[in-house]
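Chemist: need a 3D model of the sequence below.
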Amino acid sequence: SGADKQMWPTANDQDDGDMPIGVDSATATNKDIDGVDRPQGTNIEVGAYEYRNTWTGASSSDWTAAGNWSFGAAPDNSSTNNAPVVTDQGTAPIISTDVNLDHLLIRSGTLTIAKSGSLKLTGNLINNGALNMESDSQNFSSIIVQGESYGMNIYDDRNGNMFGSPNIKTTNSGDITYKRYVADEGANEWDYIGSPVEGQDLQTLINNNTSLATNSSSVAIGPFDNGASNGDSTPSNFYTYYDTTGYTGGSAVTLPSGKGYVMSTDEGSTTATVDFTGPVVTENIYFAITDATLSNTNNGKFNLVSNPYPSFLFANSAADGTNNFLTINGSTNDNLHNSYAAIFAYDGNGNFNTRTNANTLGSPLYIAPGQGFFVAADQSAKIIFSEAMQTHAGVDDFISGDVLDSYEVEIKLFNGDNEIESTEIFFI
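Modeler: Coordinates of the predicted model:
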């Protein structure tokens, strides 16, 4: 009773829980309506929602500090403490280590995953506040959500019309913000980047990131077109930079998941990041690649792609024997060029390193969140980025200068200054 009623009956078109209220189920006492294990803590709740370990922020920002939690212990992966709740109480929490949980509810406030931190959820992420992810030139935070990721709609029934058209008081998108390090402009510098979140609007990206380099009306974000006219003779033709209005050809642009771009921040900056904001990708991504060698004999086979997840990916068989990018898209599904089944990774010094399963034998390779790279195609295909490739194991990106143990000779054939073809001989 009373004039003010607030309810939480829906979750942005998601199924918020394993079991509706009132359903007779053998697991009815084991899970609450959000699918959270019962009990959380030492007392079993009898209502729809289990009482969960809740952030108080009483002592510090440290996620692992017992004094910051209502249970007097930090969340862990045990069935009685694996589904915490973040609130805006006290000091805002920061995850700077590897954290594994079942579910997480950000009821309010801001959770930050530091550049050294990672979060893996086997269940759902319900985000009604803010989740920020940090990075720098050598460290990238990582999150994996194996269930669903969304925000909840909060309804207001002050008009007493619950069964008619109750008003939505608050709509929560569930979006995260990945503060992705992007190299600065300069000779042989720049970076190759894609969106590590879903549905990033280009104009919003430009408006929210003054760190992006500009030149007159152009901004330093450029897609790659392997069919560009005279691309082989004039490589700059492969790139067309967006203008600061975020439009190309008169149409608004959304960055597709899996697509890579050449990108840079203002020259001289060594710490600049670019904020990508959107939902966490929680499904496999299939990105179309093409063979345009009829237009550009040498370079028409290349396509610029990117890791679409806010987590690292297994790149080679040394990182994971089955669920790695090169194996899944090479021998398993034949999506890559038969003679160039490789990751072509930019090193930040004007060079591209060719990474195959053969020449990285014994050296695990990982693809950082939002990292762009080239692949070659000899037919139209769809590159696969699968959830099974996700990992927290990586640390750096391709511009790190890390030395991989490989033994190879690369032979190149030139016509004047133009490279006609190349091949590599591996000693394994």
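Chemist: which residue comes closest to the residue most central in space within the chain once chain neighbours are left out?
Modeler: For the chain, residue 310 is the residue whose C-alpha lies nearest the centre (Cα atoms, centre = their mean; 2.0 Å). Excluding its sequence neighbours, the residue lying closest to residue 310 (Cβ to Cβ, 6 or more residues apart in numbering) is residue 196, at 4.4 Å. C-beta coordinates here come from the backbone N, C-alpha and C atoms, glycine included.
Chemist: look up how far residue 362 lies from the one you found.
Modeler: Note on residue 196: its distance to residue 362, by Cβ to Cβ, to the nearest Å, is 28 Å.
Chemist: what about those two, which has more around it?
Modeler: residue 196 (29 against 11; other Cβ atoms under 10 Å).
Chemist: what sits against that one?
Modeler: Going by Cβ atoms under 8 Å, 6 or more residues apart in numbering, residue 196 touches 178, 180, 276, 307, 308, 309, 310, 369, 370.
Chemist: restricted to strands, list these.
Modeler: 178, 180, 276 (DSSP state E).
Chemist: on that earlier part again, surely the residue nearest to the centre of the chain meets residue 177?
Modeler: No: look at residue 310 against residue 177 with Cβ atoms under 8 Å: they stay out of range, at 9.9 Å.
Chemist: helix or strand for the residue nearest to residue 302 when sequence neighbours are not counted, which one?
Modeler: Distances taken as Cβ to Cβ, 6+ apart place residue 374 nearest to residue 302, at 4.8 Å, with adjacent residues excluded. Using DSSP states H and E, residue 374 sits within strand 372-376.
Chemist: so what touches whichever helix or strand comes after that strand?
Modeler: Later in the chain than strand 372-376, the nearest helix or strand by DSSP H and E is strand 381-385. Here strand 381-385 makes contact (Cβ under 8 Å, 6+ apart) with 257-258, 284-289, 303, 305, 307-309, 313, 325, 328-329, 333-336, 375.
Chemist: next one: stretch 280-291
Modeler: Outside stretch 280-291, the residues that touch it by Cβ under 8 Å, 6+ apart are 125, 143, 145-149, 174, 176, 197-198, 226-227, 256-259, 300-301, 303, 305, 308-310, 335, 337, 375, 377-387.
Chemist: filter these down to the buried ones.
Modeler: Buried members of the contacts of stretch 280-291, counted by 16 or more other Cβ atoms under 10 Å: 125, 143, 145, 147-149, 174, 176, 197-198, 226, 256-259, 300-301, 303, 305, 308-310, 335, 337, 375, 377, 381, 383-387.
Chemist: please, where are all the helices along the stretch 151-300 of the chain?
Modeler: With DSSP state H, counting those that start in this stretch as the criterion, the stretch 151-300 of the chain has helices at 202-207.
Chemist: so where's the stretch 201-350 of the chain uncertain?
Modeler: 246-251 (pLDDT under 70).
Chemist: again, only this time at 80
Modeler: Scanning the stretch 201-350 of the chain for pLDDT under 80 picks out the ranges 245-252.
Chemist: count of neighbours near residue 177?
Modeler: There are 19 residues near residue 177, going by other Cβ under 10 Å.
Chemist: quick one, what contacts it?
Modeler: For residue 177, the contact set (Cβ under 8 Å, 6+ apart) comprises 130, 131, 132, 133, 275, 276, 277.
Chemist: quick check: the spatially closest residue to it that is not a sequence neighbour vs residue 58, distance?
Modeler: Closest residue to residue 177 in three dimensions, ignoring its sequence neighbours and counting by Cβ to Cβ, 6+ apart: residue 277, at 4.6 Å. As for residue 277, its distance to residue 58 is 30 Å (criterion: Cβ to Cβ).
Chemist: more neighbours, these two?
Modeler: Shown here are residue 277 and residue 58; by other Cβ under 10 Å, residue 277 has more neighbours (20 against 13).
Chemist: how close does the residue nearest to residue 360 when sequence neighbours are not counted get to residue 329?
Modeler: Among residues not flanking residue 360 along the chain, residue 316 sits closest, at 4.9 Å (Cβ to Cβ, 6+ apart). For residue 316, the distance to residue 329 equals 11 Å [Cβ to Cβ].
Chemist: out of the two, which sits in the busier spot?
Modeler: Applying other Cβ under 10 Å to residue 316 and residue 329 shows that residue 316 carries more neighbours, namely 27 against 23.
Chemist: contacting residues around the more buried one?
Modeler: So residue 316 contacts 324, 325, 326, 327, 355, 356, 357, 360, 363, 364, 365 (Cβ under 8 Å, 6+ apart).
Chemist: in CSV, list those along with distance to residue 100.
Modeler: Compiled in CSV, the contacts of residue 316 are given as follows (distance: Cβ to Cβ, whole Å):
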residue, distance to residue 100
324, 22
325, 23
326, 27
327, 26
355, 29
356, 32
357, 29
360, 28
363, 26
364, 20
365, 24
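Chemist: returning to that earlier point: the residue nearest to residue 302: how many residues sit nearby?
Modeler: Residue 374 sits with 23 neighbouring residues when counted by other Cβ under 10 Å.
Chemist: that one against residue 352, yeah?
Modeler: Yes: the pair residue 374 / residue 352 is scored as a contact, 7.0 Å apart, by Cβ under 8 Å.
Chemist: which neighbours do those two have in common?
Modeler: Residues touching both residue 374 and residue 352 (Cβ under 8 Å, 6+ apart): residue 344.
Chemist: picking up where we left off before, which of the contacts of residue 316 are buried?
Modeler: Neighbour-count burial (16+ other Cβ under 10 Å) applied to these gives 324, 325, 326, 327, 355, 356, 357, 360, 364, 365.
Chemist: name the nearest residue to the fourth one, sequence neighbours excluded.
Modeler: Which is residue 327. Using Cβ to Cβ, 6+ apart, the closest residue to residue 327 is residue 317 (5.6 Å).
Chemist: check residue 148 too.
Modeler: Residue 148's closest residue in space is residue 124 (Cβ to Cβ, 6+ apart), at 4.9 Å.
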